[in-house]
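Novice: Using only what follows, build the 3D model:
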Amino acid sequence: MQIASLFQKNRAVLSLEVFPPKKTSPIDTIYKTLDNLKDLQPDFISVTYGAGGNAGDTSTADIASDILYKYGILPLAHLTCVNYSRQEIGQILDSLKEKEIKNILALRGDINPDISPKKEFSYASELVAYIKSKGDFYVSGACYPEGHVDAEDIDKDIEHLKLKVDAGAQHLISQLFFDNDYFYRFIEKVRKVGITVPIQAGIMPVINKSQIERMVTLCGASLPPKFTKMMQRFEHSPEAIKEAGIAYAVDQIVDLVSQGVDGIHLYTMNNAYVARRITDCIKGIIHS
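Specialist: Residues are numbered from 1 along each chain as shown. Alright, predicted model coming up:
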């Protein structure tokens with residue numbers, strides 16, 4: 001099944017995102033997380049791809065295969081391109097095809113200062129076109145409500161997004177954001193330029209101060225006054241900031257669903273407890 005077809009239903013699609021454990025952690029940790037996520041019944045689960053530049057690393061494909069066959073949930077395998085040659089991307093696609101993983105999230109990937117980019121793929125749109133040329137794959141893409149950190153401005157970033165969709169991306173997942181107004185303005189802009197594919201809102205529950213500092217540095221998300229005051233008020237109480245972060249994410253999702261969002265993509269950070277708390281709060285509205 002292609003993920004884009006899920007959006008034909010008259011409800012918001014709900015998906016979760018997990019990531020392979022670090023090389024210093026046992027692989028079993030991800031399966032403990034999946035064991036605790038499976039009964040939340042998400043429409044699909046995405047698996048991130050490492051930034052290491054090792055085309056022989058099959059962890060994403062292996063985990064995606066287990067999500068499909070062990071847990072019976074549709075997987076979305078991330079694939080980055082900045083550190084790979086066309087030949088290496090072809091090898092990865094062959095591995096995914098062998099495991100019957102057909103849904104791929106095509107990404108440029110972060111620039112790693114310790115690894116020289118291969119430069120055969122400079123943009124995600126080039127990866128999308130290449131994947132589409134290699135057979136029976138369904139391709140999703142990323143989008144950035146506040147603009148990509150490397151983009152000149154939001155309008156220029158949307159021009160690049162249009163190229164990605166025109167190349168074959170059938171569905172988009174947004175970068176995290178904490179102010180829904182940015183997302184609504186973004187949707188209005190992309191629809192005006194003719195981007196009609198389903199767009200999911202990416203939501204990350206913030207459960208500690210270091211997490212938000214790290215994510216803002218990486219993606220440049222704006223922090224609205226309401227969010228900043230919440231963090232300042234509870235930053236010295238781990239339990240309070242966790243509960244406040246969950247509540248803030250739920251509030252975002254309720255507003256998005258009430259405004260008719262195509263779907264919610266929950267960045268779980270492999271924290272099954274937080275994912276469960278949020279899905280328990282929204283299950284009555286997400287399926288309404």
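
Novice: For burial, what's the neighbour tally of Arg214?
Specialist: Arg214 sits with 11 neighbouring residues when counted by other Cβ atoms under 10 Å. For glycine as for every other residue, the C-beta is placed from the backbone atoms N, C-alpha and C.

Novice: Distance-wise, check Lys162 relative to Lys156.
Specialist: Here the distance between Lys162 and Lys156 works out to 11 Å (Cβ to Cβ, to the nearest Å).

Novice: neighbour-wise, which of the two wins?
Specialist: More crowded of Lys162 and Lys156, by other Cβ under 10 Å: Lys162, with 15 against 12.

Novice: what's the helix or strand for that one?
Specialist: Assigned by DSSP states H and E, Lys162 belongs to helix 154-167.

Novice: Which of the residues in that helix are classified as buried?
Specialist: Judged by neighbour count (16 or more other Cβ atoms under 10 Å), helix 154-167 contains these buried residues: 154, 157-158, 160-161, 163-165, 167.

Novice: Run through the neighbouring helices and strands of the helix or strand that that helix is followed by.
Specialist: The helix or strand immediately downstream of helix 154-167 is strand 172-176, counting by DSSP H and E. Other helices and strands packing on strand 172-176, by 3 or more Cβ pairs under 8 Å, 6 or more residues apart in numbering; DSSP states H and E, are strand 138-143, strand 199-203, helix 209-219, strand 263-267.

Novice: Please determine how far the residue nearest the centre of the chain is located from Asp35.
Specialist: Nearest to the geometric centre of the chain sits Ile173, at 5.6 Å (Cα atoms, centre = their mean). To Asp35, Ile173 is 24 Å away according to Cβ to Cβ.

Novice: Give me the packing partners of whichever helix or strand Asp35 is part of, helices and strands only.
Specialist: Take DSSP H and E as the rule and Asp35 turns out to sit in helix 28-37. With contacts defined as 3+ Cβ pairs under 8 Å, 6+ apart, helix 28-37 has these neighbours: strand 13-18, helix 59-69, helix 272-286.

Novice: Turn these into CSV, including distance to Leu6, mean pLDDT and mean neighbour count.
Specialist: What follows is the helices and strands packed on helix 28-37, written out as CSV (distance: least, Cβ to Cβ, whole Å; pLDDT from 0 to 100; neighbours: other Cβ atoms under 10 Å):
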stretch, distance to Leu6, mean pLDDT, mean neighbour count
strand 13-18, 5, 97, 23
helix 59-69, 15, 94, 20
helix 272-286, 13, 94, 17
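
Novice: want to try JSON lines for these, with distance to Lys132 as columns?
Specialist: Listed next are the helices and strands packed on helix 28-37 as JSON lines, based on distance: least, Cβ to Cβ, whole Å:
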{"stretch": "strand 13-18", "distance to Lys132": "22"}
{"stretch": "helix 59-69", "distance to Lys132": "19"}
{"stretch": "helix 272-286", "distance to Lys132": "31"}
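
Novice: Indicate which one of the ones you listed is closest to Pro26.
Specialist: Each of the helices and strands packed on helix 28-37 has some distance to Pro26 by Cβ to Cβ; the shortest is helix 59-69, at 12.0 Å.

Novice: for the stretch 51-200 of the chain, which spans come out with low pLDDT?
Specialist: 51-57, 113 (pLDDT under 70).

Novice: let's see 80
Specialist: 51-58, 111-118 (pLDDT under 80).

Novice: How far off centre is the helix holding Lys162?
Specialist: 18 Å (Cα atoms, centre = their mean, to the nearest Å).

Novice: How about stretch 277-288?
Specialist: Centroid separation for stretch 277-288 versus its chain: 19 Å, with Cα atoms, centre = their mean.

Novice: Much appreciated, bye for now.
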